[in-house]
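Visitor: what's the 3D shape of this:
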Amino acid sequence: MKVLAFNSSPRIEGNTEILLRETLKPIYESGHNVRLFKLNLMNIKPCQDCGGCDDSGKCIINDDMNEIYDAINEADRIILASPIFFFGLSAQAKIMIDRCQSFWCEKYLLKKPIPEGRYGRKGLLLLVGGMKKEIGIHCADATAKAFFRTISVQAHKVMSFLGVDAKGAILEHPTALKEAYEAGKRLVAIQPG
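Guide: Purely as a prediction, here's the structure:
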């Protein structure tokens with residue numbers, strides 16, 4: 001099974017990265033193929049709304065998104081991990097998602113959605129935020145839901161932790177790491193029948 005993971009936090013060794021690493025542990029342990037992108041370290045230009053992908057479903061901008069396009073096409077499971085900034089996904093996540101307009105054109109204009117594949121396509125959204133109000137989760141998930149549906153991931157789970165702000169504070173959460181590990185196991189579990 002091919003698992004694609006996006007770390008969209010700009011903070012090195014921050015709460016998002018720690019949570020994602022714990023989620024990936026059982027996936028690595030099970031021998032699945034994992035491809036991890038650290039979006040903050042990549043050269044990704046914002047979508048220019050140029051219409052270049054309207055007729056082909058292919059983005060005309062040549063940058064690090066080319067690697068991501070290939071990985072999304074091949075993935076069976078996709079994990080998007082993001083801190084919550086101003087009630088939404090990080091800029092790093094949003095810039096990548098906006099550049100998936102080419103997949104939207106391919107799916108809805110050209111009627112060529114990404115195939116479901118042998119295992120079906122499932123997603124997981126990991127969110128960490130300092131605020132205590134759940135509006136950030138709802139807003140971030142709304143964007144993630146549009147992203148997942150565009151890339152033919154019909155179902156995704158959301159795991160979120162609020163009130164976690166200081167670097168490394170997720171390590172003090174009583175259940176976060178265990179929940180992340182279990183979420184990773186469930187993501188790659190093959191359902192019988």
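
Visitor: where along the chain do the helices fall?
Guide: Using DSSP state H, the helices assigned to the chain run over residues 15-29, 65-74, 91-98, 101-104, 135-150, 176-188.

Visitor: Same list (those helices) but as TSV, adding distance to residue 114.
Guide: C-betas here are computed from N, CA, C, even on glycine. Putting those into TSV (distance: least, C-beta to C-beta, whole Å) gives the following:
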stretch	distance to residue 114
helix 15-29	21
helix 65-74	6
helix 91-98	15
helix 101-104	7
helix 135-150	9
helix 176-188	18
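
Visitor: List just the one of the ones you listed that sits closest to residue 82.
Guide: Comparing those by their distance to residue 82 (C-beta to C-beta), the top pick is helix 91-98, with 4.5 Å.

Visitor: What are the buried residues along that closest one?
Guide: 91-97 (16 or more other C-beta atoms under 10 Å).

Visitor: for the helices of the chain, which one sits closest to residue 159?
Guide: Residue 159 sits nearest to helix 176-188 of all those, at 5.3 Å, using C-beta to C-beta.

Visitor: Next, the angle helix 15-29 makes with the closest one.
Guide: In terms of direction (axes from the mean of the first three to the mean of the last three C-alpha atoms, to 10 degrees), helix 176-188 departs from helix 15-29 by 50 degrees.

Visitor: what's the distance between residue 3 and residue 72?
Guide: Distance of residue 3 to residue 72, given as C-beta to C-beta, to the nearest Å: 12 Å.

Visitor: Mutual contacts of the two, please.
Guide: Between them, residue 3 and residue 72 share the neighbouring residues residue 78, with contact defined by C-beta atoms under 8 Å, 6 or more residues apart in numbering.

Visitor: and the residue nearest to the spatial centre of the chain, what does it touch?
Guide: If you average the C-alpha coordinates of the chain and look for the closest C-alpha using C-alpha atoms, centre = their mean, you land on residue 80, 1.8 Å from that point. Residue 80 makes contact with 6, 8, 89, 93, 123-126, 144, 147-148, according to C-beta under 8 Å, 6+ apart.
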